[in-house]
Structure formats: structure tokens, C-alpha cells
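A.B. asks: Below is the structure, and that's it, no one-letter string:
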């Protein structure tokens, strides 16, 4: 295949729309079309920066079919930007299968770095960051307890994502599996109601019980031997 098109993997804000790089905006204005998860979310960002481009929506249901469509466009020399709803594509977000397909078809891939909830949460956690493991979202049911037991024996800092609906459940599980480890939990990072809680799972759970909990969470679990 004649590799004339290019795929730009573009990091976008995780909350605050000002947290996009100049280069990312330039690329979004440059490309011929944008691959996204949800046009409603991406359009808010594009409207903010006066960018108008055609969309190709890729999700779990249509991924295989849409990848073929994207490869055809790249083969015709078009430029494409891949974005996720928030943050960097392929990091606990869709994009990996498309990136792999583009690589296999010899098209050029260019990364446009941007926000990531993982590195942001680590940078403000006050916990060891020289070595860490990123696990994303834990299994909701099958294998969850096994994974928690496995993580409890890891000596490095651990980074997890969790939703509004399961954060209290996760803290209760951490209270059981890792009762003495220090945590830093970021809620709605970069957004209006951003908060960071620090302490053991038990201490944070007591505080959460007094609040109405909404938003997305990044949970940082300190290395096993870390002491405040």
C-alpha cells in the first residue's frame, strides 16, 4: 500500500479546555478528518478552538468496519487525527487497534503529546513516582478479588482509575487488602470541583461518607514500604 496518509494521535484535555497544546490545536486544524469516541464531546473542544472537521466515530461495535474506512482514507493521502473523549488515546481509551492497523499498513504515525490523568495524579500525589504500575480500571466482577490480592503484593506505587459508581466499593476493598498503604485520590482533576484526598483507605472512606460523590477518580496507592 502506498503510505501517503498520516495518523496523528492527539492528546486532548481531561477537563479544562485550556489544557491543550498549541501544537495539538494546529494539528486538529490541519487534518482532513478526526476519529473520535463521541462527536458531542469532541465538538465541544473543536467549537472552543473554532475547528470544523468531518468525524469518523469509532466504538466497540463498529471498530473493525471503521478501521477499514480509515485505512482507505489514509491510502488516498488524507490526514487523520485520533482523539479520545479526554486525555491521550490508547491509554485506557480506544485507539490501540487502530494504531496497530495503521502500523501494519505502513502509514506514518505521529504522536502529539498532551494531558494524561495518570501523570497528573502522580505529580501531585506526594507518593513515590520513580517506579509505578498502571492498572487502569479493575475488572468489575470476575477476577476482581484475584487482581486486588495480586496488587497487594506489588512493592511499587499503583495507579488505578475508578468511576463514581464504584469508588466506595474500591476503597472498602483497599481497606481489606491494603489497610496500611497511603493513598492519594484525585477527583475531577483540572475541573471546577477538583479535589485530592490523602490518607489510608479507612481515613478517606470516612471522609467520603460525608460527601456527595460524583466524577471520575484516579487512585494512587503508595509503594508497599512507603511511610509518610
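C.D. replies: Now that the structure is in, tell me what you want to look at. Keep in mind that this is a model prediction, so the values were computed, not measured. Numbering: from 1, shown residues only.
A.B. asks: Can you list the low-confidence ranges for the chain?
C.D. replies: 1-3, 210, 212 (pLDDT under 70).
A.B. asks: can you give me the helices in it?
C.D. replies: Here the chain has its helices, by DSSP state H, at 22-30, 39-48, 63-75, 96-104, 117-125, 144-152, 167-177, 201-208.
A.B. asks: mind giving me CSV with the ones you listed and columns for distance to residue 190 and mean neighbour count?
C.D. replies: Yep, even glycine has a C-beta here, placed from its N, CA and C like the rest. Shown next, in CSV, are the helices of the chain (distance: least, C-beta to C-beta, whole Å; neighbours: other C-beta atoms under 10 Å):
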stretch, distance to residue 190, mean neighbour count
helix 22-30, 15, 16
helix 39-48, 13, 15
helix 63-75, 28, 16
helix 96-104, 24, 16
helix 117-125, 7, 18
helix 144-152, 26, 14
helix 167-177, 18, 18
helix 201-208, 20, 17
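A.B. asks: Throw the ones you listed into CSV and include distance to residue 191, thanks.
C.D. replies: As requested, the helices of the chain are arranged in CSV below (distance: least, C-beta to C-beta, whole Å):
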stretch, distance to residue 191
helix 22-30, 19
helix 39-48, 13
helix 63-75, 29
helix 96-104, 26
helix 117-125, 11
helix 144-152, 27
helix 167-177, 16
helix 201-208, 18
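A.B. asks: Could you verify my assumption that residue 132 touches residue 155?
C.D. replies: No - counting by C-beta atoms under 8 Å, residue 132 does not reach residue 155; the two are 10.9 Å apart.
A.B. asks: dump the residue contacts of residue 52.
C.D. replies: residue 46 (C-beta atoms under 8 Å, 6 or more residues apart in numbering).
A.B. asks: what residues are up against the closest residue to residue 154 other than its chain neighbours?
C.D. replies: Nearest residue to residue 154, sequence neighbours excluded (C-beta to C-beta, 6 or more residues apart in numbering): residue 133, at 6.1 Å. The contact partners of residue 133, by C-beta under 8 Å, 6+ apart, come to 154, 156, 157, 158, 159.
A.B. asks: residues contacting residue 5?
C.D. replies: Contacts of residue 5 (C-beta under 8 Å, 6+ apart): 73, 74, 75, 76, 77, 78, 79, 80, 107, 108.
A.B. asks: what's the closest non-adjacent residue to residue 190?
C.D. replies: Residue 190 sits nearest to residue 15 (C-beta to C-beta, 6+ apart), 3.8 Å away.
A.B. asks: Would you mind measuring from residue 70 to residue 164?
C.D. replies: Distance, residue 70 to residue 164, by C-beta to C-beta, to the nearest Å: 32 Å.
A.B. asks: now do residue 198
C.D. replies: According to C-beta to C-beta, residue 198 and residue 164 sit 20 Å apart.
A.B. asks: Take the contacts of residue 5 and write them to CSV, including distance to residue 33.
C.D. replies: Formatted as CSV, the contacts of residue 5 follow (distance: C-beta to C-beta, whole Å):
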residue, distance to residue 33
73, 7
74, 10
75, 14
76, 11
77, 12
78, 6
79, 8
80, 6
107, 14
108, 16
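A.B. asks: Restricted to strands, list these.
C.D. replies: Among the contacts of residue 5, DSSP state E puts 79, 80, 108 in strands.
A.B. asks: need these in TSV with neighbour count and distance to residue 221, can you?
C.D. replies: Below are the ones in strands among the contacts of residue 5 laid out as TSV (neighbours: other C-beta atoms under 10 Å; distance: C-beta to C-beta, whole Å):
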residue	neighbour count	distance to residue 221
79	18	41
80	24	37
108	14	38
